[in-house]
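In: Sequence and predicted model, in that order:
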Amino acid sequence: MNGQRKTLNSAELRYNGHTIQFPVFEGSMGEKTMDIRALRKETGILTYDPGLINTGICTSDLTYVDGEKGVLLHRGYSIEDLAANCRFLEVAYLLIFGKLPNPVEQKSFSELMNLHSMIHEDMQHFFRNYPEKAHPMAVLSAMVVSLSSFYPELDRESATERIDNTVTRLLSKIRTIAAFSYKKSVGEPFVYPSYKLRYCANFLNMMFSSPVRDYTVDPVVERALNLFLVLHADHEQNCSTTVVRTVGSSGANLYASITAGICALWGPLHGGANQAVIEMLEEVLSQGMSVRDVIESAKRKESKIRLMGFGHRVYKTYDPRAKIAKEACKNLLEHLGHPDDPLLELAMALEEAALKDPYFQEKHLYPNVDYYTGIAYRAMGIPTNMFTLLFAMGRLPGWIAQWLENSRDGEQKLMRPRQVYTGEVANRVLPIGERA
Ligand code: SDX
């Protein structure tokens, strides 16, 4: 059981001549929650909640989101404060170890990152024999689950130091796997991590340096990448995080659980949206569609254009991460000499039109974290099909922290929801010759 939780009163359910009380408690930000763990035993009935829209699956000390007010906290720090004052590894440390690192902790964390930044040489055979056009998320999921074969010492009851090793191994190697998948896709030699470079600079160097051209990491690009990874670090029980918790609840190891999260994130309704936003913007530009056409078509159910990067299950106001990403994106493009990048211009024009449109207002549809990040990644030279992989790099510390919290929460059990069966009930097997 985590942190601060206060029992308030109880909720009463009257059903079938019975009256049952369920305790109501509140979390540290005042969310009121009815504890229905006794429901089926007391009443014989289930709840029905597709998409778990109304259902809390855990308590957590990691992240708080207020979708109405546009508030995002990680262990009590606002995303605005963290984005302005912390590098990605500090936020990763905060989520996983529960505090912002002091200089000694920061130094040893960075040393572990460096120590674990290479991947086993034999893993290169995977890259060499993987289809060249494979989507980077397919490569990432295959490589991460393979880490459990190359580093088998992790088991469910690992001692803390082994978990620390596994955590830093994952955080460090995801960069190398990502960069190697890019180099493979462009047919260039792999660039090894360098002990001289910090987290994001190392990734950019592995991505873009080459034996035949000089490459120096642009500190403005490095700082922007740090910021974007911070914005993605964790987001309470989003689809992929719930998958990581679910797989971990079966006793599967951390690598297997993270791999499942990578696959869930890939979908265009979730992490795949940052790629879908760019594809939408490029499609609009190539078709010469007007802003009004796009907005009208995004409102029609049957149309193939949805305003990707807009809308959110929890935020019913502007996603605070999108605000920060928009500013950072504009500043980065300015720095890189593309202040009037056509995709950015179009994205801002679509945003302005949508926010004034009654359809988007009534449904509380605003830009989410995916709306501007892809434009920035594209300006950095990252290929579009790698955008979701960058989302995974940013989300990795959140997945790890949530998996650890789940494994240590005495109230958590094997995740196994119920269902309502609506199929046929009394069929008898006929000999095959008599079947229709
Ligand atoms: C992420 O959960 C998280 O925290 C996720 C995330 C994280 O950090 O982990 O924040 C990251 O995944 C952000 C979301 C990225 N996805 C997209 O940008 C894809 C486009 N957006 C949507 O498809 C949609 O908004 C969802 C999936 C994000 C949320 O959808 P819900 O909560 O299931 O709501 P819904 O699809 O039922 O939409 C409600 C209404 C519908 O109309 P009606 O049926 O009521 O008439 O709003 C409409 C939808 O058709 N709608 C949109 C729309 N999003 C919702 N209409 C046009 N364009 C859109 N983008």
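Out: Received the coordinates, thanks.
In: which stretches of the stretch 151-300 of the chain have low pLDDT?
Out: For the stretch 151-300 of the chain, applying pLDDT under 70 flags the ranges 153-162.
In: What are the boundaries of the strands in it?
Out: Assigned by DSSP state E, counting those that start in this stretch, the stretch 151-300 of the chain shows no strands.
In: Let me see the mean pLDDT of stretch 6-20.
Out: Averaged across stretch 6-20, the pLDDT comes to 92.
In: contact partners of it?
Out: Stretch 6-20 is contacted from outside by 21-26, 32, 34, 38-39, 42-43, 45, using C-beta atoms under 8 Å, 6 or more residues apart in numbering. (Glycine included, C-beta is placed from N, CA and C.)
In: now do 10 Å
Out: Contacts to stretch 6-20, defined as C-beta atoms under 10 Å, 6 or more residues apart in numbering, come from residues 21-28, 30, 32-36, 38-39, 42-45.
In: okay, it in CSV with CA atoms only?
Out: C-alpha atoms of stretch 6-20 as CSV (Å, rounded to 0.1, in the frame of the first residue of the first chain):
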residue,chain,number,x,y,z
LYS,A,6,-7.3,8.7,4.2
THR,A,7,-10.5,6.9,4.8
LEU,A,8,-13.4,9.3,4.5
ASN,A,9,-16.8,7.7,4.8
SER,A,10,-18.7,5.0,2.9
ALA,A,11,-20.9,4.7,-0.2
GLU,A,12,-24.1,2.7,0.1
LEU,A,13,-25.4,0.3,-2.6
ARG,A,14,-28.9,-1.0,-2.3
TYR,A,15,-29.5,-4.1,-4.5
ASN,A,16,-31.9,-7.0,-4.5
GLY,A,17,-33.2,-6.1,-1.0
HIS,A,18,-29.7,-5.8,0.4
THR,A,19,-27.8,-2.6,1.5
ILE,A,20,-24.1,-2.8,1.3
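In: Give the buried residues for it.
Out: residue 13 (16 or more other C-beta atoms under 10 Å).
In: ok, for the closest residue to the ligand within the chain, nearest residue in space, not its chain neighbours?
Out: In the chain, no residue comes nearer to the ligand than residue 311, which is 2.3 Å away by C-beta to the nearest ligand atom. Leaving aside its sequence neighbours, residue 311 sits nearest to residue 365 (C-beta to C-beta, 6 or more residues apart in numbering; 4.4 Å).
In: what about the one you found, neighbour count?
Out: 20 (other C-beta atoms under 10 Å).
In: can you tell me which residues contact it?
Out: Residues counted as contacts of residue 365 (C-beta under 10 Å, 6+ apart) are 298, 299, 307, 310, 311, 312, 315, 316, 354, 355, 357, 359.
In: give me the number of residues near the fourth one?
Out: The criterion is other C-beta under 10 Å. On that basis, residue 310 has 23 neighbouring residues.
In: backbone phi and psi for it, please?
Out: Here is the backbone geometry of residue 310 (degrees, to the nearest 10): phi -110, psi 150.
In: wouldn't it be in contact with residue 369 here?
Out: No. Counting by C-beta atoms under 10 Å, residue 310 stays clear of residue 369, with 11.3 Å between them.
In: list residues touching both of the two?
Out: Both residue 310 and residue 369 are in contact with 273, 319, 322, where contact means C-beta under 10 Å, 6+ apart.
In: count of residues packed around the nearest residue to residue 135 once chain neighbours are set aside?
Out: Of all residues not flanking residue 135 in the chain, residue 385 sits nearest, at 5.8 Å (C-beta to C-beta, 6+ apart). By other C-beta under 10 Å, the residues close to residue 385 number 19.
In: now residue 356
Out: 10.
In: contacting residues for it?
Out: By C-beta under 10 Å, 6+ apart, the neighbours of residue 356 are residue 295.
In: Checking residue 23 next. Helix, strand or coil?
Out: Under DSSP: H, G, I helix; E, B strand; the rest coil, residue 23 falls in the strand class.
In: circling back: can you list the contacts of residue 365 in TSV and add secondary structure?
Out: Below are the contacts of residue 365 laid out as TSV (three-state DSSP):
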residue	secondary structure
298	helix
299	helix
307	coil
310	strand
311	coil
312	coil
315	coil
316	coil
354	helix
355	helix
357	coil
359	helix
